[in-house]
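Engineer: Sequence first, then the predicted structure:
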Amino acid sequence: MTATLTAALAAGTIALGAGHLPARAAEPTPAATTAETTGATTGAAATTATPPVLTATLDRSYDTFDAHQAVAVDKKYFYAVDNQHITKHDKATGRPLLQFAGDEDGPIIHMDSAAVVGDKLYTAHSNYSDWPMESSIEVYDTRTLRHIETHSFGIYRGSLTWLDRHDGAWWAGFANYDKVQSGQTKPYGETYNTQVVKMDDDFRVVESWTIPKTILDRFKPMSNSGGSWGPDGRLWLTGHDLGEAYVMKLPAAGSDLEWVATVTLPGVEGQGIAWDRSGGTPTLWTIKRSTSQVLSFTAPYRSISDPAGQPWRILGPGQFEQ
């Protein structure tokens, strides 16, 4: 990659894939962002302020040939993911070392995001864009890239798009879409039905949450494509098209995840993400699918703080609301 292109990516001057960007709300101005970061911090006001917007810094880019869906990463390697392919690359040089290649008419149809846990690579898999939606988890040996395990959800909550391990549990996103797929007459599940789930060691769902509609409106007509738990103990989510990650936390009450911040990812076009948690300074890994590049960023996770206060009050005599 040329120095000019690297600089342009870091400055955010390269346009995100033409024809892929849905309509979106305007970003807050820098002045507004500062006010929101330091503004109301108690009671209901703390939950209604627009989350601050920060920007990640590009560290490095790698040229690949199949980084079209996602990337996973461990201490020495990164794994570029396409629908039916996974290519293992040396992290130091970017050189491709090994590839899993599914048969065109085989059972591996549409792999999306991936995550390395121990010595295994877990991929979120679905039959996108066929109907009805079917999903499974496909597991590979990181050393050999041999397929070693599978777990089928069958027809379930939507299309499985990402999977991660955090706090002794599995976490995943089941996407639904407003897009009407070729040969179909209805939206592909409807974006507002997208869910984030927590699962036990046997991949049984024990809890589920929704994503705030303001974020889902940015995803439309597509949905949530990537998810990875950050070193800040928050869940980072991405859509299908936009170069930004939404930093979320579990809510104190209710079913909607709490939107804490937005982090701009210059040059990124949505899709799967992965935090590198292998040691040293944590970095956020992404892809740029239009150029088949893998990108790593330093993300300002230490600059993000949770809103203070609670969205309720305890009232005594003389204060009761009627």
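Structural biologist: Good, I have the coordinates.

Engineer: count of neighbours near residue 278?
Structural biologist: Residues near residue 278, counting by other CB atoms under 10 Å, number 14. No exception for glycine: its C-beta is placed from N, CA and C like everyone else's.

Engineer: next one: residue 251
Structural biologist: If we define neighbours as other CB under 10 Å, then residue 251 has 14 of them.

Engineer: now swap in residue 101 and tell me
Structural biologist: Around residue 101 there are 14 residues (other CB under 10 Å).

Engineer: Is the closest residue to residue 149 other than its chain neighbours in a helix, a strand, or coil?
Structural biologist: Closest residue to residue 149 apart from its sequence neighbours, by CB to CB, 6 or more residues apart in numbering: residue 139 at 3.7 Å. Here residue 139 is strand, with the state taken from DSSP: H, G, I helix; E, B strand; the rest coil.

Engineer: Give the residue spans of the stretch 51-200 of the chain that score low on pLDDT.
Structural biologist: Of all residues in the stretch 51-200 of the chain, none has pLDDT under 70.

Engineer: got the contact list for the residue nearest to residue 149?
Structural biologist: Counting by CB atoms under 8 Å, 6 or more residues apart in numbering, residue 139 makes contact with 120-123, 147-151.

Engineer: Generate CSV for the residues you listed, with secondary structure as supplementary columns.
Structural biologist: As requested, these are exported to CSV (three-state DSSP):
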residue, secondary structure
120, strand
121, strand
122, strand
123, strand
147, strand
148, strand
149, strand
150, strand
151, strand
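
Engineer: Now do the helices in the stretch 151-300 of the chain.
Structural biologist: For the stretch 151-300 of the chain, the helices defined by DSSP state H, counting those that start in this stretch occupy 213-219.

Engineer: How many residues are close by the closest residue to residue 192 other than its chain neighbours?
Structural biologist: Excluding the flanking residues, the one nearest residue 192 by CB to CB, 6+ apart is residue 216, at 5.9 Å. Neighbour count of residue 216, defined by other CB under 10 Å: 21.

Engineer: can you check the one 10 residues further on too?
Structural biologist: With neighbours defined by other CB under 10 Å, the count for residue 226 comes to 29.

Engineer: wait, doesn't it sit right on residue 238?
Structural biologist: Yes. Using CB atoms under 8 Å, residue 226 is in contact with residue 238, at 3.9 Å.

Engineer: Residue 191 is in contact with the residue nearest to residue 192, correct?
Structural biologist: Yes. At 5.2 Å, residue 216 counts as touching residue 191 under the criterion of CB under 8 Å.

Engineer: so how far does stretch 78-98 reach from one end to the other?
Structural biologist: 11 Å (CA to CA, to the nearest Å).

Engineer: if we can go back for a sec, tell me what the residue nearest to residue 149 is bridged to.
Structural biologist: Listed by DSSP bridges, the beta-bridge partners for residue 139 are residue 122, residue 149.

Engineer: Can you name the residues that contact the spatially closest residue to residue 98 that is not a sequence neighbour?
Structural biologist: Distances taken as CB to CB, 6+ apart place residue 88 nearest to residue 98, at 4.4 Å, with adjacent residues excluded. When contacts are counted by CB under 8 Å, 6+ apart, residue 88 is found next to 77-79, 96-99, 142, 145.

Engineer: can you put these in CSV and add distance to residue 289?
Structural biologist: What follows is these, written out as CSV (distance: CB to CB, whole Å):
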residue, distance to residue 289
77, 20
78, 15
79, 15
96, 17
97, 21
98, 21
99, 18
142, 23
145, 21
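
Engineer: In those, find the pair that's most separated.
Structural biologist: 96 and 142 (14.8 Å; CB to CB).

Engineer: So if I had to pick from these two, which one is more boxed in?
Structural biologist: Remark: of residue 96 and residue 142, residue 142 carries more neighbours, 20 against 15, as counted by other CB under 10 Å.
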